[in-house]
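*Asks:* Return atomic coordinates for the entry below.
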Amino acid sequence: MLTFLSFVFIFCIALSPVQGAEEEVFALFAEETLVSTPSQYAQPIERSPSTVTVITEEDIRLSGATSIPELLRRVPGVEVMQTGSAEFNVSIRGNNQLLANKLLVLVDNRPVQEDGQNTVIWPAIPVLMEEIKQIEVVRGPGSATWGPNAFDGVINIITLPLREGTSLSMIGGQPGVLGGDVVHTGNEGAIGYRIGIGYRQEDTFSDHDQTAMQASRGDAVIQYTLAPESRLTFSAGSSHLPHYEGPQGENGQADSTMDTTYLMWNYQNPHSFLRGHWNHFGIEANLQLDTPDPVSGALLRELGFVSDQYNLEGQREFFRGQTHLIVGGGNLRFNQIQGVLIGGERHRTLVGFYLQDEWNRSEHFTLISGFRYDVSSLTHPEISPRVTLLYRLPTTQQTVRLSVATAYFPPTPLELFDSFAGNTNLVSERIVSYEAGYSARFRGLLKTDAHFFYNRLSDWIDVLDLASRNNTGNATIYGVEVGGEVLIHPSFSVFSNDTYQQVQDSQLSRPLEVPRHKINVGARGRFRRGVTTEMLVRYASKISSDSGLEPLPSLVISDLHLRRLVMGETVQLSLSVLNLFNDIHKEHRLGDEIGRRFFVKITARF
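*Replies:* Numbering: from 1, shown residues only. Presented below is the predicted three-dimensional model:
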């Protein structure tokens with residue numbers, strides 16, 4: 001089947017009529033990259049207080065990725081662990097495990113975690129790939145601005161501006177992949193709007209007659225332009241997963257039904273913002289245990305709960321001078337969760353305030369210092385400072401960054417109140433992170449960066465321990481991330497990055513099972529007749545376990561994407577093959593075996 005579809009695709013490339021097929025040119029370094037996630041206001045990436053990688057709209061198109069975790073694999077320092085065809089655990093800098101929950105994930109600055117265990121159900125995020133402008137990946141603690149949950153870092157999925165047009169896409173492939181998206185955007189004077197609707201289903205890796213996931217998603221945005229740089233935005237969205245194979249636990253896998261809904265409003269001008277949101281999440285899950293529950297002796301656990309999150313937050317620029325930029329903000333959050341699993345209904349209220357000073361001592365030196373103070377109804381008050389020193393080399397686009405940051409992660413409602421293994425005496429987990437980094441761009445032809453990090457974790461909670469939960473874990477994680485991209489020809493570039501990480505002095509009850517080395521090597525090309533291609537080779541070293549379990553072998557995976565523009569840029573035909581050479585492997589010892597997958601996608605834009 002794969003061979004046949006590949007032949008059809010190549011045949012279409014060769015014989016399709018040429019329309020507007022002039023050779024395009026990469027614009028890799030043409031414009032200064034702006035990021036907004038580290039400080040919650042737009043700033044050049046070279047002046048960011050944290051290490052940031054930006055996945056651009058161009059990166060998304062050329063990669064052929066059909067899910068956000070697939071895109072994140074190429075970012076140095078990001079851990080992506082796939083346990084099923086739709087089940088992913090994502091963390092940063094060695095801190096990954098099943099039910100990963102130490103990473104703050106946002107869509108347009110709105111958190112998308114569920115409130116029970118703070119995990120991310122990636123297929124349930126109500127945003128379509130066709131709506132994404134860029135993804136900003138902040139590596140390192142972000143509590144100084146974002147408060148709880150930004151423990152390892154922050155991923156912010158930023159959607160496209162409201163430009164006129166309609167896109168229709170359909171996708172099919174293996175294992176049992178079928179889906180389609182419709183996105184329509186329009187403008188009527190000062191009012192812009194966007195509506196997106198999508199559906200996706202996939203079969204399991206092991207049995208193509210068994211459905212792993214079905215997901216219907218939709219969102220809508222209305223934006224009113226009050227002034228050239230001021231706007232008021234209202235958005236809403238929902239997702240429905242009638243069947244989801246997951247989440248995967250240490251002692252079994254759940255079979256779940258999920259629903260999410262959100263409402264959000266946002267007022268923003270060049271010097272301030274004020275926004276609020278409501279997130280709703282509901283899950284009904286049956287966890288079939290591999291061994292009897294250590295407390296109840298049962299082989300089946302019901303994991304259903306319903307949660308609602310209400311949040312109001314704002315930020316204001318208090319002073320802007322020749323040498324200082326001072327901003328401050330805060331938020332008020334109320335969480336409500338109820339279900340038999342946590343013994344009824346529970347509440348949490350959080351109030352937080354933060355302040356940041358960007359001091360441009362000279363043309364070359366910038367000192368960014370900030371802190372945040374949080375008060376919660378369930379935990380002790382928390383202070384999260386961050387200090388960053390930036391040095392920009394004279395007459396060049398080279399930056400040296402030195403930073404120290406802290407973050408905390410409060411115990412979740414399930415860790416506190418789980419009727420089987422809850423512990424109301426838990427305190428927040430903590431991290432202290434030291435980082436030294438270097439980034440550079442040379443004549444628009446080369447960009448490169450290198451970062452060293454040293455993280456100290458304390459008061460760790462084992463989320464997978466169903467017998468007892470305590471703040472008993474401490475560990476040190478350190479490593480180096482090196483990467484670069486070279487424009488060899490106006491229509492051809494190569495890129496590579498290498499991540500080395502080491503877990504040391506670990507006193508965790510369960511080891512962090514992550515590869516010590518990860519390497520990505522890729523090439524991108526644009527050719528005549530509207531053809532683009534990307535080849536990515538991923539290497540991960542053997543994952544050993546201190547607990548005596550059989551290690552996972554090293555792996556080399558090749559991914560290929562081809563795209564053909566038809567009728568100018570009106571229609572795009574693409575073929576993506578993941579694990580091109582069918583290297584069957586596991587990314588966690590309890591996960592499914594992952595083989596070759598392929599997708600054929602047709603996108604029409606009007």
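
*Asks:* Can you list the low-confidence ranges for this structure?
*Replies:* Where the chain drops to pLDDT under 70, the residues are 1-32, 290, 292-300, 465-468, 506, 509, 545-549.

*Asks:* Look at the residue nearest the centre of the chain and tell me its secondary structure.
*Replies:* What sits nearest the mean C-alpha location of the chain, by Cα atoms, centre = their mean, is I155, with 4.4 Å. Of the three states, I155 takes strand under DSSP: H, G, I helix; E, B strand; the rest coil.

*Asks:* Contact partners for it?
*Replies:* L72, V90, L103, L104, V105, L106, I135, E136, V137, V138 (Cβ atoms under 8 Å, 6 or more residues apart in numbering). In short, each C-beta sits where N, CA and C put it, glycine included.

*Asks:* taking the residues you listed one by one, which sit in helices?
*Replies:* Per DSSP state H, helices hold the following members of the contacts of I155: L72.

*Asks:* Include neighbour count and distance to L426 when you put the contacts of I155 into a markdown table, please.
*Replies:* Listed next are these as a markdown table, based on neighbours: other Cβ atoms under 10 Å; distance: Cβ to Cβ, whole Å:
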| residue | neighbour count | distance to L426 |
| --- | --- | --- |
| L72 | 21 | 29 |
| V90 | 22 | 24 |
| L103 | 28 | 20 |
| L104 | 27 | 20 |
| V105 | 22 | 23 |
| L106 | 19 | 25 |
| I135 | 22 | 32 |
| E136 | 22 | 31 |
| V137 | 23 | 29 |
| V138 | 26 | 26 |
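
*Asks:* What is the nearest of the contacts of I155 to E229?
*Replies:* E229 lies nearest to E136 out of the contacts of I155, by Cβ to Cβ, at 20.7 Å.

*Asks:* you'd agree the closest one is up against S36?
*Replies:* Yes - E136 lies in contact with S36 (Cβ atoms under 8 Å); the separation is 7.3 Å.

*Asks:* got any residues that touch both of the two?
*Replies:* Common neighbours of E136 and S36 (Cβ under 8 Å, 6+ apart) are N156, I158.

*Asks:* Are we agreed that L62 is in a helix?
*Replies:* Yes - looking at L62 with three-state DSSP, it is inside a helix.

*Asks:* Surely it and G525 touch.
*Replies:* No - contact criterion Cβ under 8 Å: L62 and G525 do not qualify, at 9.2 Å.

*Asks:* Next, show the common contact partners of these two.
*Replies:* By Cβ under 8 Å, 6+ apart, the residues touching both L62 and G525 are T532, E534.

*Asks:* Between the two, tell me which one has more neighbours.
*Replies:* Per other Cβ atoms under 10 Å, whichever of L62 and G525 has more neighbours is L62, with 21 against 17.

*Asks:* Just give the nearest non-adjacent residue to that one, would you?
*Replies:* Of all residues beyond its chain neighbours, the one nearest L62 is E534 (4.8 Å), with distances taken as Cβ to Cβ, 6 or more residues apart in numbering.

*Asks:* so what's that neighbour bridging to?
*Replies:* R524, H561 (DSSP bridges).

*Asks:* Count the neighbours of it for me.
*Replies:* E534 has 23 nearby residues by other Cβ under 10 Å.

*Asks:* ditto for N269
*Replies:* 14.

*Asks:* The one 4 residues further on too?
*Replies:* F273 is surrounded by 17 other residues when neighbours are defined as other Cβ under 10 Å.

*Asks:* Thank you, goodbye.
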